[in-house]
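Novice: Build the 3D model from these lines:
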Amino acid sequence: MRRGTEGDEGRGKRDEATPFPTRLARVLRRIVGAPDYAAYVEHCRLAGHAPKLSEREYVAEFFEAKGKGVRCC
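Specialist: Take a look at the predicted model:
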């Protein structure tokens, strides 16, 4: 029998309470590189604090940060 660890609630585990269309939309956003504000809000809720950014601010910050970094082409 496997013992539970902190990592068992991690990113790889499927949340059965989340409807399939919501999970599918989340996956598609990740594939195309679009920001997922709902995931950010959920993260803040699980971390125990209120979201610091509005959806508009989150998207603007996401795309601003996306353009930074090392690129080869």
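Novice: quick one: low-confidence parts of this protein?
Specialist: By pLDDT under 70, the low-scoring segments of the chain are 1-15, 69-73.
Novice: For this structure, just list every one of the helices.
Specialist: Using DSSP state H, the helices assigned to the chain run over residues 20-32, 37-47, 55-66.
Novice: Which other helices and strands does the last one contact?
Specialist: Spelled out, it's helix 55-66. Packing partners of helix 55-66 (3 or more C-beta pairs under 8 Å, 6 or more residues apart in numbering; DSSP states H and E): helix 37-47. Just so you know, the C-beta spots here come from the backbone N, C-alpha and C atoms, and that holds for glycine as well.
Novice: about what we covered before: got the helices of the chain as TSV, with mean neighbour count columns?
Specialist: Compiled in TSV, the helices of the chain are given as follows (neighbours: other C-beta atoms under 10 Å):
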stretch	mean neighbour count
helix 20-32	11
helix 37-47	13
helix 55-66	12
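Novice: Let's check: the centremost residue of the protein is which one?
Specialist: Ala39 (3.9 Å; C-alpha atoms, centre = their mean).
Novice: May I ask you to confirm that that one is in contact with Arg23?
Specialist: No - with contact defined as C-beta atoms under 8 Å, Ala39 does not reach Arg23; the gap is 10.9 Å.
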